[in-house]
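J.: pasting the structure only:
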C-alpha cells in the first residue's frame, strides 16, 4: 500500500511538468505557424520558452516576495 501511495504521489508531481511541457510545445507550434514577421515570431517563441523548472523556480521566488 505504501508503494502505491508513493507511486501515485510521484506521478502527480511529475504530471504538472508533463502538462506544462505539452502546453509549451503547443504554444511554440502556434508561434511557428503564424504568418507574422520573423521578429514577431522570435518574440512569441521567447515568451513561451521557459522550461518548467525555470518557471517553478521563478514562481517560488515571487511567492517568497523576492524580486525577479
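T.: Alright, I've got the coordinates. Small disclaimer: the values here were computed from a predicted structure and weren't measured. Numbers count the residues shown, from 1 in each chain.
J.: low-confidence regions, the protein specifically.
T.: The chain contains residues with pLDDT under 70 at 1, 4-15, 68.
J.: tell me which element residue 62 falls in.
T.: helix 52-63 (DSSP states H and E).
J.: against which helices or strands is that helix packed?
T.: helix 2-33 (3 or more C-beta pairs under 8 Å, 6 or more residues apart in numbering; DSSP states H and E). Heads up, the C-betas are built off the backbone N, CA and C, glycines and all.
J.: list the buried residues of the helix holding residue 62.
T.: Judged by neighbour count using 16 or more other C-beta atoms under 10 Å, the buried positions of helix 52-63 are residue 52.
J.: change the start of the numbering to 55 and stick with it
T.: All set: I'll call the first residue 55, so the last point we hit is now helix 106-117.
J.: hmm, who's touching it?
T.: For helix 106-117, contacts defined as C-beta atoms under 8 Å, 6 or more residues apart in numbering pick out 70-71, 74-75, 78, 104, 121-122.
J.: please pick the buried ones from the residues you listed.
T.: 74, 78.
J.: how distant is the helix holding residue 116 from the center of its chain?
T.: Distance of helix 106-117 from the chain centroid (C-alpha atoms, centre = their mean, to the nearest Å) equals 10 Å.
J.: ok now stretch 115-122, how far from the chain's centre?
T.: 18 Å.
J.: please apply the same query to stretch 85-100.
T.: 19 Å.
J.: list of residues touching it?
T.: Residues contacting stretch 85-100 (C-beta under 8 Å, 6+ apart): 81-82, 84, 102.
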